[in-house]
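Participant: Structural data only, the sequence is not supplied:
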């Protein structure tokens, strides 16, 4: 048996379904097969392994309520120059800034960092469409220490909320 196998699971009722559904009663696999199918070590496969996942959501209104000078100061502390140029070129920069803030928080969570401030915000940059997360400085050092090969980021925002998900992947 070659591993890993792609397995598909489906739920089935515990009793025989009515004939009209066309479903068959569930089949029970021998215990030996279940052990062989489910007990393998991903490190032995060479396939990518998820090293961390982080998610963050923020109210865009929280950013809108800041006085303009406070908002701009926060943006200078949190965003890189290129991120600021991108966001402030928009008619409504608040969702864009909030989404990038979420990405930086989600990145810290994916690393398992208890205090996100230990990774300088500007060491993490989100650019492009689709967005790409670039790590520098302390952030890049932490990724290397964890053996992370790829970083995936997804941003989403509406007028009211911004969210980001970061997935860290390693191949060893």
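Facilitator: Perfect, thanks for sending it. Here the structure is a predicted model, which means the values were calculated and not measured. Numbers count the residues shown, from 1 in each chain.
Participant: and the longest helix for the chain?
Facilitator: Longest helix in the chain, counting residues (DSSP state H): helix 93-111.
Participant: Which positions in that helix come out as buried?
Facilitator: Residues of helix 93-111 classed as buried by neighbour count (16 or more other C-beta atoms under 10 Å): 93-111. Glycine gets a C-beta too; all of them are placed from N, C-alpha and C.
Participant: chain center to that helix: distance?
Facilitator: Mean-position distance between helix 93-111 and its chain equals 11 Å (C-alpha atoms, centre = their mean, to the nearest Å).
Participant: Ok, stretch 84-102 next?
Facilitator: 19 Å.
Participant: what does that stretch rub up against?
Facilitator: Contacts with stretch 84-102, where a contact means C-beta atoms under 8 Å, 6 or more residues apart in numbering, come from 56-60, 62-64, 71, 75-76, 78-79, 83, 121, 126-127, 155-159, 162-164.
Participant: List the contacts of residue 164.
Facilitator: By C-beta under 8 Å, 6+ apart, the residues touching residue 164 are 55, 56, 99, 100, 102, 103, 105, 106, 153, 154, 155, 156.
Participant: and of these, the nearest to residue 139?
Facilitator: Closest to residue 139 out of the contacts of residue 164 is residue 103 (11.6 Å), distances taken as C-beta to C-beta.
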